[in-house]
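Asks: attaching a predicted model along with its sequence, questions to come.
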Amino acid sequence: MKLTKEQKAAHKAAFRAMSPADKLDYIASYYKWPILLTVILLVIFGSAAHRQLTKKEPVLYLALADIVAGRNLADTMTAGFLRTEGANPKRQEVYLYQDLYLSDEADVLNHEYAYASRLKLMGAIQAQKLDVVLMNREAYDLLSASSYLMNLRELVPDSDPISALLATNVVVVSDNAIEWQLNEADSHERVTESVQNGLVLTDCPLFRMAGFDGDVYAGVIANSPRASAALRFLQYLSSYPGSRGNG
């Protein structure tokens, strides 16, 4: 019901005559839900604005598969590369996936973790949010066989010094294992080819004293939309003037 001018004036006068505590109680009783809704909306819009203002654009997505990088090495590969690119660390980043474990072992826990890591890696690849993978030999073999890695002969010029670090691995072109197991094929036929789809970084200064067990390889994901940045990253890793260790 709409109030008359006299009624509105009477309400205002009554409100002004209230004590501060009574005013708060009155407001809480009659305006609680509008106030609460306004606060919720302010929090939602404020959080969205904060995320947008602080969101960083990845210049490169990097994954470590079956290897662990200490804080110094991780900082060199992320913040260090940003500095060489002249990027703004407040607005840009090298996004790092760590603790990916792809190797299959008999232990059930390891097997489940490897399965989860593979799902995470495949999701990142399908979303085009993975460019470079640093890995041990076993992870390199797995990713190569699955055709996830780019043929680096198509990316690295012959005149580039890192061409001397190219590694060759097997890529499975076709495999009818499923059809054969389901008795839909007379024989198991597996066609492979050898492709230079990795770099051996073990003897590069940055990795030489890092304490890794075995060789360290780098590969570029085949569907990477940032292949040029990936090439600059590989050049940066291979030519880094010294290693600060893996600690």
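Replies: Cool, the structure landed.

Asks: separation between residue 240 and residue 67?
Replies: Here residue 240 is placed at a distance of 17 Å from residue 67 (CB to CB, to the nearest Å). Any C-beta I mention is one placed from the backbone N, CA and C, and that applies to glycine too.

Asks: of the two, which one has the most company?
Replies: More neighbours surround residue 67 than the other of residue 240 and residue 67, with 22 against 19 (other CB atoms under 10 Å).

Asks: mind telling me what element the more buried one is part of?
Replies: Remark: residue 67 resides in no helix or strand, with elements defined by DSSP states H and E.

Asks: is it true that it touches residue 136?
Replies: Yes: the pair residue 67 / residue 136 is scored as a contact, 5.5 Å apart, by CB atoms under 8 Å.

Asks: hey, what's in contact with both of the two?
Replies: 212, 216 (CB atoms under 8 Å, 6 or more residues apart in numbering).

Asks: what helix or strand is residue 98 located in?
Replies: Judged by DSSP H and E, residue 98 forms part of strand 92-100.

Asks: repeat that for residue 143.
Replies: Applying DSSP H and E, one finds residue 143 within helix 137-145.

Asks: okay, buried residues for the helix or strand just after that helix please.
Replies: Using DSSP H and E, the helix or strand that follows helix 137-145 in sequence is strand 166-175. Neighbour counts using 16 or more other CB atoms under 10 Å place 167, 169, 171 of strand 166-175 among the buried residues.

Asks: what residue ranges in this structure score low on pLDDT?
Replies: Along the chain, the model assigns pLDDT under 70 to residues 1-3, 6-15, 22-36, 38-39, 41-55, 104-109, 175, 242-247.

Asks: please enumerate the helices of it.
Replies: 5-17, 20-54, 71-85, 108-126, 137-145, 177-181, 205-208, 227-239 (DSSP state H).

Asks: packing partners for the last one?
Replies: Translated: helix 227-239. strand 57-65, helix 71-85, strand 132-135, strand 217-220 (3 or more CB pairs under 8 Å, 6 or more residues apart in numbering; DSSP states H and E).

Asks: pull the residues that contact that helix.
Replies: With CB under 8 Å, 6+ apart, helix 227-239 has contacts from 59-60, 62, 77, 80-81, 84-85, 94, 131-132, 150, 155-156, 160-162, 165, 199, 201, 204, 206-207, 218, 220, 224.

Asks: how does it look with 7 Å?
Replies: 59-60, 81, 84, 131-132, 155-156, 162, 165, 199, 201, 204, 206, 218, 220, 224 (CB atoms under 7 Å, 6 or more residues apart in numbering).

Asks: and what of the fourth one?
Replies: Outside helix 108-126, the residues that touch it by CB under 7 Å, 6+ apart are 61, 63, 97, 100-105, 130, 148, 221, 223.

Asks: please repeat the previous calculation with a cut-off of 8 Å.
Replies: 61, 63, 65, 97, 99-105, 130, 148, 221, 223.

Asks: buried set for that helix?
Replies: Neighbour count says helix 108-126 has 113-114, 117-118, 121, 124-125 buried, by 16+ other CB under 10 Å.

Asks: and it, C-alpha only, in PDB?
Replies: Output of helix 108-126 as PDB, limited to C-alpha atoms (Å, rounded to 0.1, in the frame of the first residue of the first chain):
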ATOM      1  CA  VAL A 108      48.900 -50.000  -7.900                       C
ATOM      2  CA  LEU A 109      49.300 -46.500  -6.500                       C
ATOM      3  CA  ASN A 110      51.900 -45.600  -9.100                       C
ATOM      4  CA  HIS A 111      49.700 -47.100 -11.800                       C
ATOM      5  CA  GLU A 112      46.800 -45.000 -10.700                       C
ATOM      6  CA  TYR A 113      48.900 -41.800 -10.500                       C
ATOM      7  CA  ALA A 114      50.300 -42.500 -13.900                       C
ATOM      8  CA  TYR A 115      46.800 -42.900 -15.300                       C
ATOM      9  CA  ALA A 116      45.700 -39.600 -13.700                       C
ATOM     10  CA  SER A 117      48.800 -37.800 -15.100                       C
ATOM     11  CA  ARG A 118      48.100 -39.100 -18.600                       C
ATOM     12  CA  LEU A 119      44.600 -37.800 -18.400                       C
ATOM     13  CA  LYS A 120      45.800 -34.400 -17.300                       C
ATOM     14  CA  LEU A 121      48.400 -34.300 -20.000                       C
ATOM     15  CA  MET A 122      45.900 -35.400 -22.700                       C
ATOM     16  CA  GLY A 123      43.400 -32.800 -21.500                       C
ATOM     17  CA  ALA A 124      46.100 -30.100 -21.700                       C
ATOM     18  CA  ILE A 125      47.100 -31.200 -25.200                       C
ATOM     19  CA  GLN A 126      43.500 -31.300 -26.500                       C
END
